[in-house]
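Participant: this is the structure alone, sequence omitted:
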């Protein structure tokens, strides 16, 4: 067989899938996260990602509050009030379980104020009305 009968091996190169950081920060840290995006022209570019917030948490239990957007503190000024709070007592600061635990006793006929019985205060009778005198004597 002639030497040219066997075809030489063909190496098929794929498209270049490497992407270059567009900024000078070249280390893979938490603040330098990127996302590879294919453009309509077919090139591969990196989009810089922002760090996510942990979101608002309950003041007592520490769990994440449901129904409230997870934003940075400065970003809350640009959203509606309905996205920052929940329509419940202590809506934006405590979770539902914490509110239930805190106010569970109020449903079972416990008094809202102190439990001491109130005593009536009687004043002595003067010849002149009490507002005319400088001192007002109270008896318990």
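Facilitator: Sure thing, it's come through. Because the structure is predicted, anything quoted here is derived from the model rather than measured.
Participant: quick one: the strands in this protein, in order.
Facilitator: According to DSSP state E, the chain carries its strands in the segments 34-38, 44-48, 122-123, 138-139.
Participant: next, format the ones you listed as a markdown table and append mean pLDDT and distance to residue 66.
Facilitator: (Glycine included, C-beta is placed from N, CA and C.) Supplementary listing: the strands of the chain in a markdown table, determined by pLDDT from 0 to 100; distance: least, CB to CB, whole Å:
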| stretch | mean pLDDT | distance to residue 66 |
| --- | --- | --- |
| strand 34-38 | 91 | 27 |
| strand 44-48 | 90 | 29 |
| strand 122-123 | 58 | 55 |
| strand 138-139 | 59 | 53 |
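Participant: which of those is buried the deepest?
Facilitator: Per residue and on average, the most neighbours among those fall to strand 44-48, with a mean of 14 (mean count of other CB atoms under 10 Å).
Participant: just give the strands next to it in its sheet, each with its orientation.
Facilitator: When pairing is defined by DSSP bridges, strand 44-48 lines up against strand 34-38 (antiparallel).
Participant: quick one: contacts of the partner strand?
Facilitator: With contact meaning CB atoms under 8 Å, 6 or more residues apart in numbering, strand 34-38 is reached by 19, 21, 44, 45, 46, 47, 48, 49.
Participant: got JSON lines for these, with distance to residue 62 too?
Facilitator: As requested, these are exported to JSON lines (distance: CB to CB, whole Å):
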{"residue": "19", "distance to residue 62": "39"}
{"residue": "21", "distance to residue 62": "37"}
{"residue": "44", "distance to residue 62": "41"}
{"residue": "45", "distance to residue 62": "40"}
{"residue": "46", "distance to residue 62": "35"}
{"residue": "47", "distance to residue 62": "33"}
{"residue": "48", "distance to residue 62": "31"}
{"residue": "49", "distance to residue 62": "26"}
